[in-house]
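**Q** mind looking at a prediction? Sequence and model below.
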Amino acid sequence: MARFKGPSKNHNIVVIGASAGGIEPLKRIVGDLPADLPAAVFVVVHIGQVSYLPEILDRAGALDAISAGNGAAFRTGCIYVAPPGFHLLLHDGHMLLRRGPRENLARPAIDPLFRSAALSYGASVIGVLLSGSLSDGTAGLRAVKAVGGLTVVQHPEDTLVPAMVESALHYVEVDHCLPAAQIGPLLAELVAEPAGESFRPPAAVRLEAAIAAQEHSTMKDEDRLGQLSVFTCPECHGPLWEIEDGDMLRYRCHTGHAFTADAVMEAQATEADEILWSLLRSHQQRAEFARRMAERQRTKDRSGLAAEFVKRAQEYDSDAALIGRILESRREQVTGNGAGGEEGNIEEGHN
């Protein structure tokens, strides 16, 4: 890879991503960081419409923690948290908040922060990935690694939901994998060390960062990152392009929605469930309507028509029962796999 031209400095940019089960380890890490940390820390957690995470982290340790502001400059010794509904990006000493396309079913998402940090700060970046479901953060860690930055993941056995860190360990040559109790002290050591040489980021990383920054309203044919697939986007139902990121498969649509393979499967499962529940309600309502029509025909001494409506009601009930069994089977599969959902609204003591 061609070397990126830039001054050598310490690892003064720390980006942290977490999802389900990630709040407690994040609080532990923040609590272990020194007040004079010579680095700025940026945090993305998959959240709902309301977040108290800046206040939670501000109380958790010695560093000030605030919500990131669009266009605001940042400084070392402070923690900046992505607000609900916006990707957090870094550029030229400033933070950008963008309502770009969702990535891996989330906004804010982890990958856009990690990519933008890698583009702007190269080897000065430390990427940290904590507990969570699905695989957001893996592509971002690959970008950090590609430019010479350092990568740290929480040990899977130390997580509540290990899927995100397991994905990272599978697809990224991670520099450090350890429990949350050891990550804070490690970061304090790493940020004081000189960064190595930075490398020019791959063109695909630049393009995907531009999409998150809304510098590309749509992806043109010449901007395609992979091959057109037979699948459609779970978000907008446009065609998906299949991207081979090393041995990892990812997907993007023409409007920029991005998914790892497991995120596509999760979205497809959600869509299938919605269809099944809609069918269940439809058949239940049809059965109830047929029974009412049967009763009406009985009151008019039309036994033949009443019997026909009763037969229809039984058929609709049978169809509804079949759909119910399918839904129950799907519920048991999810429960048996121990799948964890994404974080909702973040409150102290509830995560």
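**A** Nice, I can see it. None of these values were measured; they are calculated from a predicted model. Numbers count the residues shown, from 1 in each chain.

**Q** report the secondary structure state of residue 75.
**A** coil (DSSP: H, G, I helix; E, B strand; the rest coil).

**Q** can you report phi and psi for it?
**A** phi -140, psi 160 (degrees, to the nearest 10).

**Q** wait, what's in contact with the closest residue in space to it that isn't next to it in sequence?
**A** Distance criterion CB to CB, 6 or more residues apart in numbering; nearest residue to residue 75, sequence neighbours excluded, is residue 40 at 6.3 Å. In short, each C-beta sits where N, CA and C put it, glycine included. Contact analysis of residue 40 by CB atoms under 8 Å, 6 or more residues apart in numbering lists 12-14, 74-78, 80.

**Q** let's see the pLDDT reported for the nearest residue to residue 88 once chain neighbours are set aside.
**A** Leaving aside its sequence neighbours, residue 88 sits nearest to residue 82 (CB to CB, 6+ apart; 3.7 Å). Per-residue confidence (pLDDT) for residue 82: 98.

**Q** thinking again about what came up before, name only those of the contacts of residue 40 that count as buried.
**A** 12-14, 74, 76-77, 80 (16 or more other CB atoms under 10 Å).

**Q** and for residue 35, the neighbour number?
**A** Using other CB atoms under 10 Å, residue 35 has 9 other residues around it.

**Q** what about the closest residue to it other than its chain neighbours, how many residues nearby?
**A** Distances taken as CB to CB, 6+ apart put residue 62 closest to residue 35, at 3.7 Å, once the chain neighbours are dropped. Neighbour count of residue 62, defined by other CB under 10 Å: 13.

**Q** pretty sure residue 62 contacts residue 41?
**A** No: with contact defined as CB atoms under 8 Å, residue 62 does not reach residue 41; the gap is 11.9 Å.

**Q** identify the contacts common to these two.
**A** Common contacts of residue 62 and residue 41, defined by CB under 8 Å, 6+ apart, comprise residue 33.

**Q** how near is residue 40 to residue 15?
**A** Distance from residue 40 to residue 15, counting by CB to CB, to the nearest Å: 9 Å.

**Q** which strand or helix spans residue 318?
**A** helix 303-337 (DSSP states H and E).

**Q** against which helices or strands is that helix packed?
**A** Other elements packing on helix 303-337 under the criterion 3 or more CB pairs under 8 Å, 6 or more residues apart in numbering; DSSP states H and E are helix 261-299.

**Q** now do the helices in this protein.
**A** In the chain, the segments counted as helices under DSSP state H are 23-31, 53-60, 110-121, 138-146, 163-171, 180-190, 203-212, 261-299, 303-337.

**Q** just those: most buried one?
**A** Among the helices of the chain, helix 110-121 has the highest mean neighbour count (mean count of other CB atoms under 10 Å), at a mean of 29.

**Q** kindly export stretch 284-299 (C-alpha atoms) in CSV.
**A** Coordinates of each C-alpha in stretch 284-299 appear next as CSV, following Å, rounded to 0.1, in the frame of the first residue of the first chain:
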residue,chain,number,x,y,z
GLN,A,284,-58.5,-14.3,12.0
GLN,A,285,-60.6,-11.4,10.8
ARG,A,286,-61.9,-13.4,7.8
ALA,A,287,-62.9,-16.2,10.1
GLU,A,288,-64.7,-13.9,12.4
PHE,A,289,-66.5,-12.2,9.5
ALA,A,290,-67.5,-15.5,8.0
ARG,A,291,-69.0,-16.6,11.4
ARG,A,292,-71.0,-13.4,11.6
MET,A,293,-72.3,-13.9,8.1
ALA,A,294,-73.2,-17.5,9.0
GLU,A,295,-75.2,-16.2,12.0
ARG,A,296,-77.0,-13.6,9.9
GLN,A,297,-78.0,-16.3,7.3
ARG,A,298,-79.3,-18.5,10.1
THR,A,299,-81.6,-15.7,11.3
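
**Q** tell me the mean pLDDT over that stretch?
**A** On average, stretch 284-299 scores 93.

**Q** now residue 26: how far from residue 14?
**A** Distance of residue 26 to residue 14, given as CB to CB: 12 Å.

**Q** correction: residue 318
**A** Distance from residue 318 to residue 14, by CB to CB: 58 Å.

**Q** again with residue 91
**A** From residue 91 over to residue 14 the distance is 17 Å, taken as CB to CB.

**Q** just residue 200 next, same as before
**A** Relative to residue 14, and taking CB to CB, residue 200 is found at 22 Å.

**Q** next one: residue 131
**A** Where residue 14 is concerned, residue 131 sits at a distance of 17 Å (CB to CB).

**Q** please compute how far the lowest-mean-pLDDT helix or strand in the chain lies from its chain's middle.
**A** When the helices and strands of the chain are scored by mean pLDDT, DSSP states H and E, helix 203-212 comes last with a mean of 82. In terms of CA atoms, centre = their mean, to the nearest Å, the centre of helix 203-212 is found 17 Å from the chain centre.

**Q** hmm, who's touching stretch 303-311?
**A** 290-291, 293-295, 297-298.

**Q** apply 10 Å and report the result again.
**A** 289-300, 302 (CB atoms under 10 Å, 6 or more residues apart in numbering).

**Q** go through the residues you listed and name the one nearest residue 175.
**A** Of all the contacts of stretch 303-311, the one with the least separation from residue 175 (CB to CB) is residue 289, at 63.0 Å.

**Q** so who does that closest one touch?
**A** 309, 312-313, 316.
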